[in-house]
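J.: A structural model of the following input is requested.
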Amino acid sequence: MITALEALARLREGNERFASNVRSLDALLSHTRRGELTAGQAPFAIILGCSDSRVPAELVFDQGLGDLFVIRVAGNIVAPSQVGSVEFAATRYGTPLVVVLGHSQCGAILATLEELQAPVENQSRNLKSIVDRVRPSVETLLATDLRHDPEALVHNAVRANVRVSVNQLRNGSPILEQLIADGTLLVVGAEYSLETGMVDFFDSVPAAARQA
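T.: Residues are numbered from 1 along each chain as shown. Down below sits the predicted model:
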């Protein structure tokens, strides 16, 4: 298995190809790996991303079958099932990298901000459970001058929500905490731009892995 920093570099390279409208031959021919993968898998990265149809991780990072262990939920929130899924992949497959992937113009973020500014009566309890998990990360932003700049507010809210999810994974599971302490797991946060196709890794990224 590759290291976390090597996995991060591989994701960056794949995203650069995607944003440039170039696909790797390996990704294009990955269907030939189906037979090999019936015997097992070894994903090199875990992606906890949003369910938004415009942000499919395998395409955004130009990866093929068996490369990524993808967990998708509206708002890339962290609930027990997401933590368990990350634990499963990290312990079962030795996957060294977790990326919490938010994205610009996130509908879950927008819905939460709208709910905080103009509460909706009789909201679905299931939708409310998502809003309630996003709420703590964005609520304080409405008390700042950002409330007067909707575009900046959403941008900062997306990143705040990613940071909260990263922190929950890093500090909300004894299993993950031990892997991180052992140096065998890295958890970072990133934001995908719908406008440019680029992913910005901005949270908890080691200095040695930061782009110039």
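J.: could you use CA atoms for every contact and neighbour count after this?
T.: OK.
J.: hmm, who's touching the one helix or strand Glu6 maps to?
T.: Glu6 belongs to helix 4-19 when elements are defined using DSSP states H and E. Residues from elsewhere that reach helix 4-19 (CA atoms under 8 Å, 6 or more residues apart in numbering): 23-24, 44-45, 59-63, 96-97, 184-186, 196-199, 209.
J.: try 7 Å
T.: Helix 4-19 has contacts (CA atoms under 7 Å, 6 or more residues apart in numbering) with 23, 44-45, 60-63, 96-97, 185-186, 196-199, 209.
J.: equivalent analysis for stretch 137-156, please.
T.: Ser104, Gln105, Leu110, Ala157, Ala160, Asn161, Val164.
J.: so which bits of stretch 53-64 are buried?
T.: Val55, Ala57, Glu58, Leu59, Val60, Phe61, Asp62, Gln63, Gly64 (16 or more other CA atoms under 10 Å).
J.: and for stretch 194-202?
T.: Buried positions in stretch 194-202, judged by neighbour count with 16+ other CA under 10 Å: Gly197, Met198, Val199, Asp200, Phe201, Phe202.
J.: how about stretch 111-129?
T.: Buried positions in stretch 111-129, judged by neighbour count with 16+ other CA under 10 Å: Ala111, Thr112, Leu113, Glu115, Lys128.
J.: ok, and the closest non-adjacent residue to the second one?
T.: This points to Thr112. Among residues not flanking Thr112 along the chain, Val131 sits closest, at 5.2 Å (CA to CA, 6 or more residues apart in numbering).
J.: look up how far Asp203 lies from the one you found.
T.: 22 Å (CA to CA, to the nearest Å).
J.: among these two, which residue is more densely surrounded?
T.: Val131 (23 against 19; other CA atoms under 10 Å).
J.: next helix or strand past the one helix or strand Gly189 maps to?
T.: Assigned by DSSP H and E, Gly189 belongs to strand 186-192. Where DSSP H and E defines the elements, the next helix or strand beyond strand 186-192 is strand 199-203.
J.: now that following strand: mean pLDDT?
T.: The pLDDT scores in strand 199-203 average 94.
J.: contacts for that strand?
T.: Under CA under 7 Å, 6+ apart, the answer for strand 199-203 is Asn15, Arg163, Val188, Gly189, Ala190, Glu191, Tyr192, Ser193.
J.: burial of Asp132, as a residue count?
T.: Quick note: Asp132 (other CA under 10 Å) scores 14 neighbours.
J.: got phi/psi on it?
T.: phi -70, psi -30 (degrees, to the nearest 10).
J.: what about the residue lying closest to it once chain neighbours are set aside, distance to Ala160?
T.: Among residues not flanking Asp132 along the chain, Thr112 sits closest, at 7.9 Å (CA to CA, 6+ apart). Thr112 sits 13 Å away from Ala160, going by CA to CA.
J.: many thanks, we can stop here.
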